[in-house]
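just need the structure, nothing else, for what follows:
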Amino acid sequence: MKDLLMLEWKKFSGNTVFRALSLLYILVAPFIILGGKNTFKDMPPPMPSSKTFFEFPTVWDYQGYIGNWMIPFCLGFLVIHMITSEVSNRTMRQNIITGMTRKNFFLSKLYSMFFMSILATILYVISTIVIGVLHTDGFDLELIMDNNMAVIRFFLLCVGYMSFAFLLAFIIRKGMLSLLTYFMYVLILEPILMLIHVYYFKNSSRNYWPINSIEDLMPFPLFKVPDYFVNKEWNFNILLPYSHAMGMAVLYSCIFISLSYYSFMKRDI
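Down below sits the predicted model:
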């Protein structure tokens, strides 16, 4: 594993896109929440006080929701670039011709994806604890750790988004088309399909679409306020319980990775 990760680092550490997206995530994701101090000050009910964004335990949810936007745009983009650029530059073919097995090539990308997920989760944990400590009066370890498995949920959020990007990159192999398909599905196609689903079935099964299941790991915290965000006519919550979201994220990630492996091993290089 270490050798494969080092090989990926040597390939992409000097890459402009890799550097730009990595720096963008590292510099923006931990601190963008602080912009809400003045923007959301003195909001009317049912909106909470802006202090809620930065205090324990709710800071875990709000900081996680920031990741719910940053991860698909930065890390999902990065995964697609790391795979499709090897195809367009013919380095994938060259690596395999010169002795690297298909399995090791695939594992090098898979390990990189999991490693980036771990690093993003560590950054999430550190930034959340620092922001919470600076804004919470009388905090203690019990209050800091009161986060409904937020660390695990955030890690699964990273893996979920990136494994979907992973699948599209291995199937489509063309950078711009993969990116377009990725963002079109995440931002437009699945929401439309979910609306159609709700119109015809009017039940909570609409929550189990792939990206929605992943999003519900770290949803907008106010969506958990039942008095305001439950559709009383259709009588179902708009969010999955965390346990269901975690289970579905694991399931979909395994499906995405398995399909990626099957596609890569069967197709010509």
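
pull the longest helix from this protein.
Assignment by DSSP state H gives helix 102-135 as the longest helix of the chain.

quick one: the helices in this structure, in order.
With DSSP H as the criterion, the chain has helices at 2-12, 16-28, 36-39, 59-70, 77-88, 91-97, 102-135, 141-144, 150-172, 175-184, 190-201, 210-215, 226-229, 242-266.

now render the ones you listed as JSON lines, adding mean pLDDT.
What follows is the helices of the chain, written out as JSON lines (pLDDT from 0 to 100):
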{"stretch": "helix 2-12", "mean pLDDT": "91"}
{"stretch": "helix 16-28", "mean pLDDT": "94"}
{"stretch": "helix 36-39", "mean pLDDT": "60"}
{"stretch": "helix 59-70", "mean pLDDT": "93"}
{"stretch": "helix 77-88", "mean pLDDT": "94"}
{"stretch": "helix 91-97", "mean pLDDT": "86"}
{"stretch": "helix 102-135", "mean pLDDT": "95"}
{"stretch": "helix 141-144", "mean pLDDT": "84"}
{"stretch": "helix 150-172", "mean pLDDT": "97"}
{"stretch": "helix 175-184", "mean pLDDT": "96"}
{"stretch": "helix 190-201", "mean pLDDT": "88"}
{"stretch": "helix 210-215", "mean pLDDT": "96"}
{"stretch": "helix 226-229", "mean pLDDT": "51"}
{"stretch": "helix 242-266", "mean pLDDT": "96"}
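
among those helices, which comes closest to residue 51?
With distances scored as Cβ to Cβ, the stretch of the helices of the chain nearest to residue 51 is helix 102-135 (6.9 Å). All C-beta spots, glycine's among them, are computed from the backbone N, C-alpha and C.

next, find the distance separating the residue most central in space within the chain from residue 74.
Central residue check for the chain by Cα atoms, centre = their mean: the C-alpha nearest the mean position is that of residue 158, 3.5 Å away. Using Cβ to Cβ, to the nearest Å, one obtains 11 Å as the distance from residue 158 to residue 74.

which residues touch residue 7?
Under the criterion of Cβ atoms under 8 Å, 6 or more residues apart in numbering, the contact list for residue 7 reads residue 108.

when you give positions from now on, start the count at 21
In the new numbering, first residue 21, that becomes residue 27.

gap between it and residue 124?
Summarising the geometry, the distance separating residue 27 from residue 124, computed by Cβ to Cβ, is 9 Å.

which other helices and strands contact the longest helix of the chain?
Taking 3 or more Cβ pairs under 8 Å, 6 or more residues apart in numbering; DSSP states H and E as contact, the helices and strands that helix 122-155 lies on are helix 22-32, helix 79-90, helix 97-108, helix 111-117, helix 161-164, helix 170-192, helix 262-286.

how far away from the center of its chain is stretch 134-154?
The chain centroid and the centroid of stretch 134-154 are separated by 14 Å, computed with Cα atoms, centre = their mean, to the nearest Å.

what residues sit buried inside it?
By neighbour count, with 16 or more other Cβ atoms under 10 Å as the criterion, the buried positions of stretch 134-154 are 134, 136-137, 140-141, 143-145, 147-149, 151-152.

let me know the closest of these to residue 216.
So of those, ranked by how close each gets to residue 216 (Cβ to Cβ), first place is residue 137, at 31.6 Å.

check contacts around the residue found closest to that closest one once you drop the neighbours it is linked to in the chain.
The shortest distance from residue 137 to any residue other than its chain neighbours is 3.7 Å, reached at residue 178 (Cβ to Cβ, 6 or more residues apart in numbering). For residue 178, the contacting residues are 87, 91, 95, 136-137, 140-141, taking Cβ under 8 Å, 6+ apart as the criterion.
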